[in-house]
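>>> here you go, sequence then predicted model.
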Amino acid sequence: MAKLHLITYGCQMNEYDSERVAGLLRERQYELTDDAGAADLILVNTCAIREKAEEKVFSKLGELKRLKATRPEMVIGVMGCMAQLQQATIFRRAPHVDLVFGSPAIARVGDLVERARREGRPVLETGEAPLVKITAKPPTADRLKAFVTVMEGCEKHCTFCVVPRTRGRERSHPPAAIVAEIEGLVAGGCREVTLLGQTVNAYGRDLIPPTDLAELFARVNDVAGLQRIRFTTSNPYNLTPRLIRAMREVPKVCEWFHLPLQSGSDAVLERMNRGYTRAHYLDLIAALRDAEPAMAFSTDIIVGFPGETEADFAATVEMIERVGYDNVFVFRYSRRPGTPAATMPEQVADDVKADRNRRLLQVVERVTGAQSARLAGRTMEVLVDGVSRRNPGELAGRTRCNRVVNFDGQGQVVVGDVVRVRVTEALPHSLRGALATPEEAVCWSK
Ligand code: SAM
């Protein structure tokens with residue numbers, strides 16, 4: 001078999017796409033290798049969300065140039081969001097690249113690679129294509145937990161974001177195709193799925209007849225053998241009372257909600273074109289906590305958006321403290337080509353962004369630490385997914401609220417089990433626990 005080396009940057013959707021590409025190329029007799037030097041084909045799956053992500057790719061392509069000089073027959077391809085955004089610029093900056101293709105062309109990866117090999121000149125494929133559900137996966141993929149893309153694209157047009165340009169308009173996969181994919185994954189040992197979409201809570205409104213994420217939860221919940229359903233990323237604008245109700249009523253949906261806030265300032269939210277205010281966001285959090293008191297929240301924040309003042313930043317800090325997140329991803333605003341925010345006046349200086357980033361991370365550490373401390377002494381359901389990174393003699397798993405727990409399985413527990421663990425210690429980034437005795441087996445989380 002020929003050798004494929006796959007390098008993936010970016011979000012879970014890219015991880016999912018890379019798995020599909022590896023699965024499709026396996027059908028063309030390519031097997032995965034960790035060794036770039038031994039590869040016949042190298043594919044770099046890229047992210048364009050921030051400038052730094054793009055620079056990482058160009059620096060990786062620089063490394064690969066040296067490799068290709070020693071093995072000229074090797075094919076190098078660039079796929080994903082940056083391929084879609086930068087197109088022929090990639091050939092200009094990295095002339096040793098043979099193939100550039102966007103996400104819509106993934107289903108044709110085998111043909112594109114053959115074309116690049118046969119023609120010996122750069123192949124560019126970034127046009128639209130029909131939405132296809134690809135379920136191919138390499139044998140090395142994680143069997144226990146899987147990502148499942150349920151929709152592509154985004155139509156939100158947040159003024160900072162390139163995603164509508166890189167992933168196109170919103171297109172949902174039909175529920176039957178998603179359920180069939182999940183049934184196949186469960187037959188192979190999968191116990192937890194994460195349903196993926198750029199605005200996953202807008203799922204289904206483009207289908208005929210239209211449907212929604214609440215309805216999809218119910219269908220996926222019926223898949224026998226599946227234990228847990230997660231989903232990401234949601235947009236507060238599309239969060240409906242129906243979905244909030246479904247979070248309470250559909251048993252396999254976990255008590256973890258990733259709800260990007262981006263900023264705690266109404267003025268900034270408006271310039272970002274997010275479509276909600278801080279008051280509305282807080283109402284949503286209250287409704288979700290009312291539906292499910294054990295709900296854990298995580299969020300994304302951008303610091304240094306054009307025009308962000310110290311008072312705007314203070315409003316973000318205040319929101320983080322008020323919501324009490326379990327996890328917060330903080331990003332410095334990055335100017336993206338073709339987005340409205342890139343040409344807004346009052347761009348914030350890099351040193352100010354860096355300073356706000358640092359200060360916000362201190363707040364996040366304190367707030368998430370306090371959330372963690374509240375879990376000490378609780379008995380929680382844990383899906384065991386491997387051995388502990390700190391201590392190979394121990395097991396590791398995740399709670400339904402998405403916390404990592406390390407514990408001694410006492411020789412009674414194996415990877416894939418769902419067990420009850422009493423949290424004995426809350427560390428800043430993980431929990432320590434002990435297997436609960438049957439008398440203790442009262443789960444705080446549903
Ligand atoms: N579609 C999701 C939404 O709008 O909530 C987010 C997807 S994006 C892959 C993940 C995060 O990257 C966003 O929530 C945002 O915080 C951040 N991000 C997007 N564009 C950015 C930019 N130009 N600069 C800095 N961070 C950015």
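In hand now; what should we look at?
>>> what are the buried residues along the helix or strand bottoming out on mean pLDDT in the chain?
The helix or strand of the chain with the poorest confidence is helix 163-167; it has a mean of 89 (mean pLDDT, DSSP states H and E). Across helix 163-167, burial judged by 16 or more other CB atoms under 10 Å covers V163, P164, R165, T166, R167. Bear in mind the C-beta positions are built from the backbone N, C-alpha and C, glycine included.
>>> quick one: contacts of it?
Identification of contacts with helix 163-167 by CB atoms under 8 Å, 6 or more residues apart in numbering yields 48-49, 80-82, 84-85, 102-103, 152-157, 198, 338.
>>> how about low-confidence regions in the protein?
438-446 (pLDDT under 70).
>>> hmm, 90 instead?
120, 127-143, 165-168, 389-392, 428-429, 437-446 (pLDDT under 90).
>>> what parts of it come near the ligand?
11, 49-50, 154, 156, 158, 160-161, 163, 198-199, 233, 235, 260, 262, 300, 302, 331, 333-334, 336 (CB under 6 Å from any ligand atom).
>>> redo that, cut-off 8 Å
10-11, 47, 49-50, 154, 156, 158, 160-163, 198-199, 233-235, 260, 262, 300-302, 329, 331-336, 339, 341 (CB under 8 Å from any ligand atom).
>>> filter the residues you listed to the buried ones?
By 16+ other CB under 10 Å, the residues of the chain next to the ligand give 10-11, 47, 49-50, 154, 156, 158, 160-163, 198-199, 233-235, 260, 262, 301-302, 331-334, 336, 339, 341 as buried.
>>> all helices of the stretch 101-250 of the chain, in order?
Assigned by DSSP state H, counting those that start in this stretch, the helices in the stretch 101-250 of the chain fall at 109-119, 163-167, 175-187, 213-221, 241-249.
>>> could you check how far the last one is from the centre of its chain?
Its chain's average C-alpha position is 22 Å from that of helix 241-249, according to CA atoms, centre = their mean, to the nearest Å.
>>> same thing with the longest one?
Between the centre of helix 175-187 and the centre of its host chain there is 20 Å, according to CA atoms, centre = their mean.
>>> could you pull out the buried residues of that helix?
Across helix 175-187, burial judged by 16+ other CB under 10 Å covers P175, I178, V179, E181, I182, E183, L185, V186.
>>> for that helix, which helices and strands make contact with it?
Counting contacts by 3 or more CB pairs under 8 Å, 6 or more residues apart in numbering; DSSP states H and E, helix 175-187 packs against strand 145-149, strand 192-196, helix 213-221.
>>> that one vs helix 213-221, what angle?
Inter-element angle recorded for helix 175-187 and helix 213-221: 40 degrees (by axes from the mean of the first three to the mean of the last three CA atoms, to 10 degrees).
>>> got a list of contacts for helix 175-187?
Helix 175-187 has contacts (CB under 8 Å, 6+ apart) with 133, 135, 146, 148, 150, 190, 193, 195, 204, 211, 215-216, 219-220, 223-226.
>>> if we use 7 Å, what do you get?
Residues from elsewhere that reach helix 175-187 (CB atoms under 7 Å, 6 or more residues apart in numbering): 133, 135, 146, 148, 150, 193, 211, 216, 219-220, 223, 225-226.
>>> with neighbour count added, can I get the residues you listed in CSV?
As requested, the contacts of helix 175-187 are arranged in CSV below (neighbours: other CB atoms under 10 Å):
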residue, neighbour count
K133, 16
T135, 14
A146, 22
V148, 22
V150, 25
V193, 25
T211, 17
L216, 25
R219, 15
V220, 24
V223, 18
G225, 12
L226, 18
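>>> would you point out the most distant pair within the residues you listed?
In those, two members sit farther apart than any others by CB to CB. They are T211 and G225, at 23.4 Å.
>>> mind giving me the ChimeraX select for the contacts of helix 163-167, buried ones only?
A single ChimeraX command suffices to select whichever of these are buried according to 16+ other CB under 10 Å:
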select :48,49,80,81,82,84,85,102,103,152,153,154,156,198
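>>> in strands, which of the contacts of helix 163-167 appear?
Of the positions in these, G80, E152 sit in strands, assigned by DSSP state E.
>>> would you map the strands across the stretch 201-350 of the chain?
Here the stretch 201-350 of the chain has its strands, by DSSP state E, counting those that start in this stretch, at 228-232, 256-258, 296-303, 327-332.
>>> helices and strands around the third one, which ones?
The criterion is 3 or more CB pairs under 7 Å, 6 or more residues apart in numbering; DSSP states H and E, and the helices and strands that strand 296-303 contacts are strand 256-258, helix 310-323, strand 327-332, helix 350-373.
>>> what comes up buried for the last one?
Looking back up the chat, that one is helix 350-373. Neighbour-count burial for helix 350-373, counted by 16+ other CB under 10 Å, picks out K353, R356, N357, L360, V363, V364, V367, T368, Q371, S372.
>>> state the next helix or strand along the chain beyond that helix.
Where DSSP states H and E defines the elements, the next helix or strand beyond helix 350-373 is strand 379-387.
>>> I'd say V162 and A341 touch.
No. With contact defined as CB atoms under 7 Å, V162 does not count as touching A341 (10.6 Å).
>>> would you turn the helices and strands packed on strand 296-303 into CSV with distance to S18?
What follows is these, written out as CSV (distance: least, CB to CB, whole Å):
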stretch, distance to S18
strand 256-258, 21
helix 310-323, 32
strand 327-332, 21
helix 350-373, 29
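>>> identify the bridge partners of the nearest residue to V382 once chain neighbours are set aside.
Nearest non-adjacent residue to V382, counting by CB to CB, 6 or more residues apart in numbering: G397, 4.0 Å away. Listed by DSSP bridges, the beta-bridge partners for G397 are V384, V405.
>>> kindly report the same for R420.
Counting by DSSP bridges, the residues bridging with R420 are E381.
>>> how many residues are close by it?
Counted with other CB atoms under 10 Å, the neighbours of R420 add up to 17.
>>> for it, give its distance to D326.
20 Å (CB to CB, to the nearest Å).
>>> right, and P428 touches Q371 too?
No. Using CB under 7 Å, P428 makes no contact with Q371, being 10.9 Å away.
>>> thinking again about what came up before, among the buried residues of helix 163-167, which one sits closest to the ligand?
Nearest to the ligand among those: V163, at 5.9 Å, using CB to the nearest ligand atom.
>>> for that closest one, give its distance to L25.
As judged by CB to CB, V163 and L25 stand 26 Å apart.
>>> just to revisit the earlier point, closest to the ligand among the buried residues of helix 175-187?
I178 (19.0 Å).
>>> compute the first-to-last residue distance for stretch 188-199.
Stretch 188-199 has an end-to-end distance of 28 Å (criterion: CA to CA, to the nearest Å).
>>> same thing with stretch 262-270?
11 Å.
>>> for stretch 190-198, same thing?
Terminal-residue distance, stretch 190-198 (CA to CA): 23 Å.
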